[in-house]
Structures are given as C-alpha cells and as structure tokens.
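Visitor: I'll drop the sequence and a predicted model, then ask my questions.
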Amino acid sequence: MSIQRPRSEQLYAEALEHIVGGVNSPSRSFKAVGGGAPVFMKRAQGAHFWDVDDHRYIDYLCAYGPIITGHAHPHITEAITCAAANGTLYGTPTEFEILLARMLKEAIPSMDKVRFVNSGTEAVMTTIRVARAYTKRSKIIKFAGCYHGHSDLVLVAAGSGPSTLGIPDSAGVPGSIASEVITVPFNDLDGLRVALETFGNDVAAVMVEPIVGNFGMVMPKPGFLEGLCKMAREAGALVIYDEVISAFRFHYGSAQTYSAFSDHAAIEPDLTALGKIIGGGLPIGAYGGRKQVMDQVAPLGPAYQAGTMAGNPASISAGIACLEVLREPGVYERMDAQAARLADALQASADKNGIPLTINRIRGSFSAHFCDHPVTNYDEAQDTDGERFGQFFRLMLDQGICLAPSKYEAWFLTTAHTDEDIDATIAAAENAFAAMVR
Ligand SMILES: Cc1ncc(COP(=O)(O)O)c(C=O)c1O
Ligand SMILES: NCC(=O)CCC(=O)O
C-alpha cells in the first residue's frame with residue numbers, strides 16, 4: 001500500500017535547512033506518527049488536496065478546523081480577491097469590520113462588544129488580560145488537555161499539539177507564570193470546587209473549551225457547564241469560553257448557543273475567544289463579551305491590546321463570506337449526516353476487525369480513539385494507543401486520506417465533501433483496519 005513521495009522528501013530536507021523543524025507549526029510534523037517527511041501540498045480545491053508528487057488526498061485535517069466550506073470556495077475566493085484588489089491593509093477602521101462584528105454578535109448574543117485580532121492565541125491571551133483587569137485578580141483555572149494557543153499562561157497541560165510532541169508544559173514559561181494557572185480535569189466539578197475553595201479569592205477567570213476539540217472531540221457532561229459558571233461566579237471569577245474551534249463548527253452559532261444545552265442563560269460566559277472558521281481560511285481571531293467587561297479594553301479602558309494587522313480587509317471579507325455560506329439552510333445537517341455515516345462505518349469496520357475504537361462525534365466532526373473505554377477527559381484521551389493511531393494514519397495517508405498527524409486531533413467534514421468522498425474513505429478505512437490485524 002505504501003506510496004512514494006520523493007518531492008516531499010526532498011522539500012522536507014531543504015526545509016530542515018531553513019525552517020526550524022522544517023515546519024511552521026509543530027503540529028504539522030510527523031514526529032508522533034513515525035517521523036519522516038510530512039506531505040508537502042501544492043494545491044487544494046473543495047475537499048481535496050494535491051501533493052507535490054501529484055497524489056490526491058481527501059482532506060479531513062481541514063487546516064485544523066478553519067476550512068469548513070472546503071478549499072477555495074468560490075464565494076470566499078471572490079471576497080478575498082475583491083478585498084486584495086482594493087488594498088490589503090489600511091491601518092484605519094473599515095465598514096466591513098462592523099458587518100462581521102454584527103454577524104458574530106447576532107450568532108453569539110453573550111458578546112455585546114467584539115475586537116478582532118490575528119489568531120486564536122491572541123484572542124485567548126487577551127481575554128485573560130481583560131479578565132484580570134476587570135477582576136483585579138491574577139490566577140486562571142484551566143482544564144487539563146484543553147489547548148488555548150501558545151501564550152505563556154495557557155501552555156500548562158496544553159492538549160493536542162504540545163501533548164502530541166510530549167511537551168504538555170512548555171519550556172521557557174517561567175515558574176512564576178505557571179504558578180498563576182491551576183489545572184483541573186475536564187468534566188470534574190468536584191475538582192473545580194476544590195480549586196476554587198483553595199484559590200477562589202485570587203482567581204480572575206475559569207477558562208474552558210465548552211466543547212473540547214483538543215483531546216479529541218469531547219462533550220461536557222450534562223450540568224458541567226452550568227456548574228462551572230455557577231461556581232466561578234460565586235467565587236467572583238469570570239467565565240471565559242475558548243470557542244476558537246467550536247464556534248460555527250456544529251451549527252450557525254457557538255457551543256454556548258448549541259441546542260444540546262437546554263438552559264443557555266445558565267451557561268453564558270463573560271468573555272468568548274474566537275478564531276479559525278470566522279476568518280474563512282485567512283488569519284483571524286476575535287474576542288468579545290459583556291459591555292462592562294469589554295470596556296476594560298483600550299482605548300476605553302486600561303487593558304492594552306493592539307494589532308497592526310488586526311481587522312485587515314482580506315481576513316474580514318473572507319470571514320463574512322464564510323459565514324454567508326454557513327448561513328445557507330441545510331449546510332450543517334448535511335455535514336452531520338455525512339459524518340454520521342462515516343463514523344458509523346469506521347466503528348463497524350474496527351469492530352469487525354477486533355480493533356478497539358471509541359468515536360466521539362459531534363455533528364460534522366469527530367475523533368477516533370484507539371481504546372476500549374469512553375473518552376470524557378484528558379487522562380482517558382492519553383490512555384489510548386498512539387502507535388496504532390500512527391499505523392492507521394499512515395495506512396490512510398497512503399490511500400489518499402489526509403488526517404491530522406496526532407491521536408488527539410479531530411476529523412472535520414466540510415460542505416465540500418461528497419458521498420463519493422465518504423465512500424472512498426470508508427473503503428480505505430476497511431483496508432487499513434484489515435491491514436492492522438494481519
Ligand atoms: C481551542 C483553541 N484555542 C486557541 C487556539 C489557538 O489558535 P491559533 O492557532 O489561531 O493561534 C486553538 C488552535 O488550535 C484552539 O484549538
Ligand atoms: N488543535 C490544535 C491545533 O489546531 C493546532 C494547530 C497548530 O497549532 O498548528
């Protein structure tokens with residue numbers, strides 16, 4: 001089944017000479033799946049990639065989440081082209097920024113005010129600063145395995161990327177900063193209670209991915225978000241939702257407005273961090289929240305946050321166009337149905353071959369864990385067979401199926417995946433599972 005990729009090998013060798021580790025984000029390295037050259041892609045269209053050796057792949061990596069309408073969607077491409085033709089960066093406000101802010105606010109009503117930044121990392125980093133400014137406290141509670149970007153504070157027990165490479169707690173983060181972060185297991189209200197009882201008066205915010213995307217896709221247990229919000233508020237701390245992955249992933253809205261949760265008022269955060277999908281494939285981040293809290297931000301308030309590239313017309317236009325596509329009726333239902341068919345077939349095929357597999361599916365995305373137990377927190381996600389994942393990853397890649405090179409990452413469907421893509425993926429998985437037990 002193994003296919004050759006001489007041009008990727010050659011480019012990787014060259015890249016290693018010039019770019020640290022040969023990659024511009026460590027998540028792209030194949031270190032956790034047996035090493036060697038990552039595949040260098042040269043073109044992407046719809047649900048497909050072509051590599052530099054002219055092999056075609058069906059894409060479930062989807063750039064780690066932003067590509068939800070498929071690659072080079074004509075409506076988004078037109079918006080970007082048009083923005084570029086009118087100048088890529090002004091350093092002044094533009095009318096489009098207001099439109100995207102309005103669209104985000106309509107979809108996520110807990111945000112009275114929004115500010116655009118350039119990445120999810122920046123968005124999260126700033127929500128923490130704003131929460132600290134507002135509460136005049138310094139500590140943060142986060143949940144083990146949730147990834148919130150690569151700013152110092154949140155690189156403690158940091159989930160997918162760092163965990164894949166065996167560095168959940170980054171070097172270069174001073175102990176004094178790490179000591180400002182308290183880590184609690186996800187889905188564990190008792191753990192949160194103890195943390196708040198111990199440190200409550202110093203806690204500025206409890207930060208969480210309300211639906212986790214960074215140790216697989218993991219739903220909060222019933223009552224978890226309600227309990228989290230209640231306990232945080234009783235302790236005088238703010239609630240920050242990192243919805244960089246989850247916003248617009250499962251429906252036209254965010255986790256905090258998702259229909260799986262019955263009492264939306266009880267799970268409303270004070271601040272929300274956004275990124276990925278809202279930029280339609282261009283760099284973006286945003287954060288927003290209650291007016292009173294957001295008024296802390298400069299130029300209104302004392303919390304400073306700025307950005308030369310922030311709100312650039314291309315990213316904003318791409319974001320608007322992406323949300324316009326997602327607003328079309330039936331879009332999420334279709335991704336849901338395709339993901340259901342794919343996940344069910346993967347499970348059946350693994351079962352048939354006697355390979356323990358736990359699939360966590362939330363509408364159009366899912367994670368597949370090589371284990372025989374549920375995955376509801378980081379410990380359980382770690383306790384899965386990484387070697388088997390690596391083997392599966394390579395067997396799929398060699399049949400033209402592109403997954404993230406990490407056992408912690410999700411599979412993402414897009415509006416561009418066709419029934420034929422799903423059929424081909426199911427057939428490839430059948431072959432892969434059969435090969436794994438031979
Ligand atoms: C939940 C979450 N927050 C924050 C980030 C950081 O976003 P970025 O990579 O755009 O800085 C990510 C990226 O993977 C993420 O998944
Ligand atoms: N779920 C983790 C990521 O999406 C990380 C992407 C990156 O840092 O390249």
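Guide: In hand now; what should we look at? Small disclaimer: the values here were computed from a predicted structure and weren't measured. Ligands and ions are numbered 1, 2, ... in the order given.

Visitor: got the residues of the stretch 201-350 of the chain near ligand 2?
Guide: Listed as neighbours of ligand 2 in the stretch 201-350 of the chain under the rule C-beta under 6 Å from any ligand atom: residue 214. In this view, the C-beta of every residue, glycine as well, is placed from N, C-alpha and C.

Visitor: Name the next helix or strand downstream of the worst-scoring helix or strand of the chain on mean pLDDT, please.
Guide: Least confident element among the helices and strands of the chain, by mean pLDDT, DSSP states H and E: helix 160-164 (a mean of 62). Next along the chain after helix 160-164, taking DSSP states H and E as the criterion, comes helix 175-178.

Visitor: Which residues does that next one contact?
Guide: 152-153, 156, 169 (C-beta atoms under 8 Å, 6 or more residues apart in numbering).

Visitor: Domain-wise, how is the protein divided?
Guide: Annotated domains of the chain cover 6-72+330-437, 74-326 [automatic domain parsing].

Visitor: TSV please, covering the contacts of helix 175-178 and showing neighbour count.
Guide: What follows is the contacts of helix 175-178, written out as TSV (neighbours: other C-beta atoms under 10 Å):
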residue	neighbour count
152	15
153	22
156	22
169	14
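
Visitor: closest to ligand 1 among those?
Guide: residue 153 (12.4 Å; C-beta to the nearest ligand atom).

Visitor: I'd like the distance between the closest residue to residue 413 other than its chain neighbours and ligand 2.
Guide: Among residues not flanking residue 413 along the chain, residue 364 sits closest, at 4.0 Å (C-beta to C-beta, 6 or more residues apart in numbering). Distance check for residue 364 against ligand 2: by C-beta to the nearest ligand atom, to the nearest Å, it reads 16 Å.

Visitor: same question, residue 174
Guide: 22 Å.

Visitor: May I have the residues that are in contact with residue 127?
Guide: Residue 127 neighbours (C-beta under 8 Å, 6+ apart): 205, 207, 240, 242, 271-273, 287, 289.

Visitor: Give me the nearest residue to it, chain neighbours excluded.
Guide: The shortest distance from residue 127 to any non-neighbouring residue, by C-beta to C-beta, 6+ apart, is to residue 271 (4.4 Å).

Visitor: Relative to residue 376, how far out is the residue sitting nearest the centre point of the chain?
Guide: Residue closest to the mean C-alpha point of the chain, counted by C-alpha atoms, centre = their mean, is residue 245 at 3.3 Å. Applying C-beta to C-beta, to the nearest Å, the value for residue 245 to residue 376 is 17 Å.

Visitor: Same check on residue 253?
Guide: Distance, residue 253 to residue 376, by C-beta to C-beta: 24 Å.

Visitor: Same check on residue 45?
Guide: If you go by C-beta to C-beta, the gap between residue 45 and residue 376 works out to 37 Å.

Visitor: How about residue 331?
Guide: Taking C-beta to C-beta as the measure, residue 331 falls 29 Å from residue 376.

Visitor: Residue 91 now?
Guide: Distance check for residue 91 against residue 376: by C-beta to C-beta, it reads 46 Å.

Visitor: Of the two, which one has the most company?
Guide: residue 376 (21 against 9; other C-beta atoms under 10 Å).

Visitor: Might one say that that one is in contact with residue 221?
Guide: Yes. Counting by C-beta atoms under 8 Å, residue 376 touches residue 221, with 6.8 Å between them.

Visitor: part of a strand, is residue 204?
Guide: Yes. With DSSP: H, G, I helix; E, B strand; the rest coil as the criterion, residue 204 is part of a strand.

Visitor: how many neighbours does it have?
Guide: For residue 204, using other C-beta under 10 Å, the count is 24.

Visitor: can you tell me which residues contact it?
Guide: Residue 204 sits next to 128, 131-132, 134-135, 137-140, 237-238 when contact means C-beta under 8 Å, 6+ apart.

Visitor: what's the distance between it and ligand 1?
Guide: 18 Å.

Visitor: With residue 224 instead?
Guide: Taken as C-beta to the nearest ligand atom, the span from residue 224 to ligand 1 is 17 Å.

Visitor: List the residues that contact the closest residue to that residue other than its chain neighbours.
Guide: Spatial nearest neighbour of residue 224, excluding adjacent residues (C-beta to C-beta, 6+ apart): residue 187 at 5.5 Å. Contact partners of residue 187, counting by C-beta under 8 Å, 6+ apart, are 218, 220-221, 224, 376-377.

Visitor: could you give me the average pLDDT of the strand or helix carrying residue 292?
Guide: Residue 292 is part of helix 291-294 when elements are defined by DSSP H and E. Taken as a whole, helix 291-294 has an average pLDDT of 98.

Visitor: packing partners for that helix?
Guide: If contacts are counted by 3 or more C-beta pairs under 8 Å, 6 or more residues apart in numbering; DSSP states H and E, helix 291-294 sits against strand 113-117, helix 120-135.

Visitor: which SS state does the closest residue in space to residue 263 that isn't next to it in sequence fall under?
Guide: Among residues not flanking residue 263 along the chain, residue 226 sits closest, at 6.5 Å (C-beta to C-beta, 6+ apart). In three-state terms, and counting by three-state DSSP, residue 226 is helix.

Visitor: Mind listing the residues bridging to residue 367?
Guide: residue 360 (DSSP bridges).

Visitor: pretty sure it is touching residue 411, no?
Guide: Yes. Under the criterion of C-beta under 8 Å, residue 367 makes contact with residue 411 at 7.0 Å.

Visitor: And the pLDDT for the spatially closest residue to residue 51 that is not a sequence neighbour?
Guide: Among residues not flanking residue 51 along the chain, residue 39 sits closest, at 5.0 Å (C-beta to C-beta, 6+ apart). If you check residue 39, the pLDDT there is 98.

Visitor: And residue 31, by the same measure?
Guide: 94.

Visitor: and the gap between the residue of the stretch 301-438 of the chain found nearest ligand 1 and residue 380?
Guide: Residue of the stretch 301-438 of the chain nearest ligand 1, by C-beta to the nearest ligand atom: residue 409 (9.1 Å). Residue 409 sits 16 Å away from residue 380, taking C-beta to C-beta as the criterion.
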